[in-house]
Structures are given as structure tokens and as C-alpha cells.
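Asker: Below is the sequence, then the predicted model.
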Amino acid sequence: MVDGELFWKLVPGHASGQVVINEDGFRSKEPTRPKPDGTLRVVVLGDSVTFGFNVAEKETYVYKLAQYLSDRSFQGPTWSYQNTEVINVGVPGYSSWQGRKLYEIVVRGYEPDLVIVMFGYNDHHSALESDGEKYQRRDVESFVNTFRSTGIYRMLNRFRGEPVDPLLREEPVPRVGLDEFKENVLDLQSMVQADSADCVFMTVPIRPDIPLVENFVGVEYELNGPTRKAWLRQIDLALRVLGAPWSERLTQHFFHSVDLDGLTFESEPDMCPKVLEASRRFPDLSIFQYLLASCYRAGGDEDEARKALEECRRLDRERLEMEAYNALLRRMAGESRIDLVDTAALFEAQEERGGLFLDVVHPSAKGHALIAESMAEHLFRSPR
């Protein structure tokens, strides 16, 4: 639902399948008011990863972290608690700008003792204007129109099977640029510390073996006759160029399941010539190199498949843009400006375990368990 300050929020009291939203608009139990004495209150800020996209509530890292923390009492210079209360305030599609605003408007009223934060993926998404600019002209029409141009709107519609116009005629910008991301992180931490609470940040894990294809790229494209510069998402361009019957399968592969072995071309021999032509027409786009690798694999040419995947990784500019946010958090942690759990590096180190992701960014139940375990270990090692 549209919100005048946060752009959108979850519908209070909504229940659907394994998701139940409380009266405050979050996937969590409502906090006890007032906060009971002797209770450690932890609030977890984030986006759809924190929310627990496509996993049951008891499988989310927030729920599992609550179990870890309830197993023992905390004793430290400033902490001495017998009970814990962990509140999930993750909202799908939220950026660090919205997270900072959410803390200011809602979360600080919960009187948290510890705030855990994970943002970055939606910050790098392209849109017609930044979140900060959008806020400056926050009328309802602006919210709706600008939200329609963001990655989260398109992603949600694609999951729901609804068509969207994938073409932009203006060059997009990040929802939150790196400089503003840094400001949001520091401002959020300052507010938390001013409220006599602790703050821990996390990097965002990204699956390594598939390109990111949600941001807009500039291409020469035919628009109602003449060819001109336009901005499309790589996935939308691929759907237009390759067409049926692969539209649904490509969407499923990139946004529902990224099992590379499941994306093969043996049953559609006419598709590989289309992919090869597209890779030559758009040589700077990672998605067609990725699909070309599947074609070579279908033909039994593993050497060419490997070369195509290497080229895909080299061209995956969106991943580099996304990883810049994680790199910034690491630099800030190295300068002792923030307390950080490097979840992204942990996932990379543990990838041989397999099954950590549902898609490119959303962790599976196994991935959520890994996040909870690493955060609990970090908190146990760090006296508060």
C-alpha cells in the first residue's frame, strides 16, 4: 500500500499462505508494549531478504536468530538480559534510504537495544529518479509512477505474471547512489547510538553463477520505426529478442530458479541460432553470453561454454555495481566506522555446500540458517 513517507509498506493484518503481517505492518510478532524489564530487544531492518521472501517464517534468519539468542543470557559491559525479543521489520523492495526513514518514524519507538541492518541490493536498482529526489516531491501520483519504474515493481509483477512496459526513454539513475548509501548508513548508525543502542550491518549475498539482469542498459533499439538509444532491462530485451516459447522459461530461470542444468536448448534447436545472433548484435550484454553457454553445453562443446561464461562474468556490469555497495561497507568496517558481518563473503566461502539461494539474491532456508548462525556467533564474540 502507498505510504506518504516510506513510499510503500505492507498491509497491516494481511495474511496469505505462510506470510502473516502484524498490525504494525511487519512480518513479525508485535513488540510488547512497554518493553519488559530484563528484555533484550533486537530489531532487524532490511528488504525482501530480511522479510524472508519465499520461505516460511520459522525458516527466516530473523526467527532462527531469535532462537539462538534465547538459548542463553547476555552478560557484558552494557548488556545483562534474561529474555530476548527479535522483531523483523524487513520490507520487500526497501532501500537504505527507506530503512533510515523507517527507523526514524517507527523503529526507534520500539526502544531497541540492538539494530541489525542489511541493505544494498535495491539501492543499486535503476529508476527514473533517486529515492531522495522522489521524497522531495512526494505526492501520490509521483509515488505510483516512480514505483512503476523501479526494479522491485517489475520484479513483483513478473512473479505475479503481469506484463510491464520494459522501455525507458530517459537514462535512469540508481535509487540510492554510493555516496548517499554511505550517508544513510552513518545517519542510521548515529540515530541508533543516540538511542543508546548498538548497530550491526551485513553485506548482501549474491549468487555467483548467474548474471544480474534487472537494471536498465542503454542499447540501440527500434522504437516504432527508427532505431534510437533506449534503456531496457537485459531480461526484458532478451524476452523481446528471443520471443516465445522461451519467455516463460527464461523468466522462471532468472527469477524463480537458477538451476543452470535446468536451462537447456536440446528440445528447441532453433533457439540457439537466435541466441548466437543476439550475442553478436548486443556483444556488451552478459545475458546473451550466459544463454550462449547453455547452447554450447547443449551441443556438447564444454570449452566454448566455459569461454562464454567467462565473457558473461566480464560483462556483468550490474554485479560490479551491486558489489560496490558491499565493498563500501567493508571499507567502512576496516576504518572501524561500523560493525559488520560480511555475509556475502561467508556465502562465497560456503557455496560448495550448495542450495544456499532460491534465486539470484534470496536465500533458501539453508541460506537463512547460515546468516542466523554467523550473526549469533558475531554477537556472542562481541561483548556489548
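Answerer: Everything's here; your move.
Asker: I'd like to know how far residue 354 sits from residue 345.
Answerer: With distances taken as C-beta to C-beta, to the nearest Å, residue 354 is found 17 Å from residue 345. C-betas here are computed from N, CA, C, even on glycine.
Asker: Residue 284 too?
Answerer: 29 Å.
Asker: what about the residue nearest to the spatial centre of the chain, which helix or strand?
Answerer: Centrality entry for the chain: nearest residue to the mean C-alpha point is residue 121, 4.1 Å, by C-alpha atoms, centre = their mean. Using DSSP states H and E, residue 121 sits within no helix or strand.
Asker: Excluding chain neighbours, what is closest to it?
Answerer: Sequence neighbours aside, residue 204 is the residue nearest to residue 121 in space, at 5.0 Å (criterion: C-beta to C-beta, 6 or more residues apart in numbering).
Asker: which residues touch the one you found?
Answerer: 49, 118, 119, 120, 121, 322, 325, 326, 343, 344, 361 (C-beta atoms under 8 Å, 6 or more residues apart in numbering).
Asker: Among those residues, name the ones in strands.
Answerer: Secondary structure from DSSP state E places residue 118 of the contacts of residue 204 in strands.
Asker: out of the contacts of residue 204, which is most surrounded?
Answerer: When neighbours are counted by other C-beta atoms under 10 Å, residue 119 leads the contacts of residue 204 with 30 neighbours.
Asker: I'd like to know how many residues surround the closest residue to that residue other than its chain neighbours.
Answerer: In space, and not counting its chain neighbours, residue 119 is closest to residue 96: 3.9 Å by C-beta to C-beta, 6+ apart. Each residue near residue 96 was counted by other C-beta under 10 Å, and the total is 29.
Asker: ok, residue 96 to residue 63 distance?
Answerer: When residue 96 is compared with residue 63 (using C-beta to C-beta), they lie 23 Å apart.
Asker: Is it correct that the residue nearest to the centre of the chain is in contact with residue 322?
Answerer: Yes. Using C-beta atoms under 8 Å, residue 121 is in contact with residue 322, at 6.5 Å.
Asker: and for these two, which residues touch both?
Answerer: 204, 206.
Asker: I'd assumed residue 93 was in contact with residue 122.
Answerer: Yes. At 5.7 Å, residue 122 and residue 93 qualify as touching, with contact defined as C-beta under 8 Å.
Asker: Of the two, which one has the most company?
Answerer: Shown here are residue 122 and residue 93; by other C-beta under 10 Å, residue 122 has more neighbours (30 against 21).
Asker: Which residue is the nearest non-sequential neighbour of residue 3?
Answerer: Residue 3's closest residue in space is residue 9 (C-beta to C-beta, 6+ apart), at 4.6 Å.
Asker: mind checking pLDDT for the one you found?
Answerer: Per-residue pLDDT puts residue 9 at 95.
Asker: what sits against it?
Answerer: Residue 9 neighbours (C-beta under 8 Å, 6+ apart): 1, 3, 25, 91.
Asker: next one: phi and psi at the residue nearest to the centre of the chain?
Answerer: When read as degrees, to the nearest 10, the backbone of residue 121 gives phi -60, psi -50.
Asker: now it: how far from residue 222?
Answerer: For residue 121 relative to residue 222 (C-beta to C-beta), the value is 32 Å.
Asker: Residue 354 and residue 345 - which one has more neighbours?
Answerer: Neighbours per residue, other C-beta under 10 Å: of residue 354 and residue 345, the larger number sits with residue 345, 13 against 9.
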